[in-house]
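# 3D model of this:
(chains A and B)
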Amino acid sequence: DTGVSQDPRHKITKRGQNVTFRCDPISEHNRLYWYRQTLGQGPEFLTYFQNEAQLEKSRLLSDRFSAERPKGSFSTLEIQRTEQGDSAMYLCASSLGKFSGQGRFGKNIQYFGAGTRLSVL
Amino acid sequence: KQEVTQIPAALSVPEGENLVLNCSFTDSAIYNLQWFRQDPGKGLTSLLLIQSSQREQTSGRLNASLDKSSGRSTLYIAASQPGDSATYLCAVTMEYGNKLVFGAGTILRVKS
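Residues are numbered from 1 along each chain as shown, chains lettered A, B, ... in the order given. Okay, the predicted model is just below:
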């Protein structure tokens, strides 16, 4: 496995259309994260999953945004009724979080994909 | 709410110079801190991770230090090369496996 894969790499859409992005994490990684990055800024957290459970959603994730991770493998991020303000790079990351009865171990480093650049016209 | 600030926003240096990038965070109760590199239009590559109990980490020409109590970290790059040109991002996490909170980054240009 070569890393986190995101598809498509670029998406151009008209305002009001729906778009869906896909992220394939590193195999066996149980955590998957979505971030959004606008020009000149650092990535901002959107949501994350542990296996198929969505554990946290940012307030940035309005009702028009939905994310899923069926069966705890790949994830999709859908944006409905896109707006020009949705134009950004959408980054996916995955990590292997190790939890046991004695606590948590491992560094849980997040590995990032190359991102999907969305342009809303 | 945790806020991460990086100074300077941009830096241009001649090849061979040693340089320091700064990162500060408002809530010192972090779990760990990471430095990432981002090339134009690309994703992020993790460079160094420092656990909250550690003071520094080294990888090749890179050295990152952490002063948790004062909310500061520095990334030291020795003998800079044109290939080091990229955006360097600092990020902290407050809990194991939780989200990363990023600074806006420092854009580095190393001139040959």
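# report how many residues lie close to residue 88.
Reading this off chain A. When neighbours are counted by other CB atoms under 10 Å in any protein chain shown, A:Ala88 registers 20. Backbone N, C-alpha and C define where each C-beta goes, glycine included.
# wrong chain, I was asking about chain B
When neighbours are counted by other CB under 10 Å, B:Tyr88 comes out with 22.
# leaving out the residues flanking it, which one is nearest to it?
B:Thr106 (5.0 Å; CB to CB, 6 or more residues apart in numbering or on different chains).
# for burial, what's the neighbour tally of that neighbour?
Residues near B:Thr106, counting by other CB under 10 Å: 21.
# likewise the one 4 residues further on?
When neighbours are counted by other CB under 10 Å, B:Val110 registers 20.
# which strand or helix spans it?
Assessed by DSSP states H and E, B:Val110 sits inside strand B:106-111.
# ok, that strand: who's next to it in the sheet?
Its sheet considered, strand B:106-111 pairs with strand B:10-14 (parallel), strand B:86-93 (antiparallel) by DSSP bridges.
# show me which residues of chain A sit near chain B.
A:4, A:31, A:33, A:35, A:40-45, A:48, A:50, A:56, A:58, A:91, A:93, A:95, A:97, A:104, A:107-115, A:117 (CB under 8 Å from any CB of the partner chain).
# among the residues you listed, name the buried ones.
If you count burial by 16 or more other CB atoms under 10 Å in any protein chain shown, the buried members of those come out as A:4, A:31, A:33, A:35, A:42-45, A:48, A:50, A:58, A:91, A:93, A:95, A:97, A:108, A:110-115, A:117.
# sitting in strands, which of those do you find?
Residues of those located in strands (DSSP state E): A:31, A:33, A:35, A:44-45, A:48, A:50, A:91, A:93, A:95, A:111-112, A:117.
# mind picking the two most distant members of those?
A:Gln50 and A:Arg117 (27.2 Å; CB to CB).
# related to what we said a few turns ago, what residues does the strand holding B:Val110 touch?
Applying CB atoms under 8 Å, 6 or more residues apart in numbering or on different chains, the external contacts of strand B:106-111 come out as B:6-15, B:17, B:19, B:21, B:77, B:80-88.
# cool, and stretch B:25-33?
With CB under 8 Å, 6+ apart as the criterion, stretch B:25-33 contacts A:107, B:1-5, B:23, B:49-52, B:64, B:66, B:68-73, B:90-96, B:98, B:101.
# in strands only, show me the residues you listed.
B:4-5, B:23, B:49-51, B:64, B:66, B:72-73, B:90-93, B:101.
# A:Gly72: which of those is nearest?
Closest to A:Gly72 out of the ones in strands among the contacts of stretch B:25-33 is B:Thr93 (21.4 Å), distances taken as CB to CB.
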